[in-house]
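Visitor: Model the following, please.
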Amino acid sequence: CPANKKHFKLALTTDQYPAETTWKVSRHTEQIISGSGYAAFTEYTVNECIANDACDFIIQDSYGDGICCGYGNGSYEVWVDGVSR
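Guide: Next up is the predicted model:
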C-alpha cells in the first residue's frame with residue numbers, strides 16, 4: 001500500500017446463513033469498504049488498502065445468532081499491516 005494507507009485483510013468463513021453476515025470498515029461516519037452477499041460454508045479473503053485513520057471494523061449477523069456454531073463453523077480474522085487484530 002502507499003505510504004498514506006495501511007493494508008487491511010479479512011479472512012471470513014461463512015455459516016449456513018451467509019445472507020445474514022455483513023461487515024464494514026469506517027472512518028468516523030464514512031464507510032470505507034464493506035462486504036455482504038456471500039455463499040454458505042465458503043472461505044473469503046479480502047485485501048484492501050485503507051486510509052491510515054480508518055479505525056472501525058464491524059461485523060454483524062442480522063439474525064443475531066452469530067456465525068458460529070449453531071449453524072456451521074463460521075469465523076473471521078482481521079489483520080492491519082500484517083498484525084492480527
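Visitor: and the closest residue to residue 68 other than its chain neighbours, how many residues sit next to it?
Guide: Spatial nearest neighbour of residue 68, excluding adjacent residues (CB to CB, 6 or more residues apart in numbering): residue 74 at 4.9 Å. For glycine as for every other residue, the C-beta is placed from the backbone atoms N, C-alpha and C. Residues near residue 74, counting by other CB atoms under 10 Å, number 24.
Visitor: Specify the beta-bridge partners of residue 47.
Guide: As for beta bridges, residue 47 partners with residue 9 under DSSP bridges.
Visitor: Same check on residue 24?
Guide: Beta-bridge pairing of residue 24 under DSSP bridges involves residue 34, residue 58.
Visitor: Was I right to think it contacts residue 34?
Guide: Yes. Taking contacts as CB atoms under 8 Å, residue 24 lies within contact range of residue 34: 4.0 Å.
Visitor: Looking at the two, which one has more neighbours?
Guide: Taking neighbours as other CB under 10 Å, residue 24 and residue 34 compare with residue 24 leading, 15 against 12.
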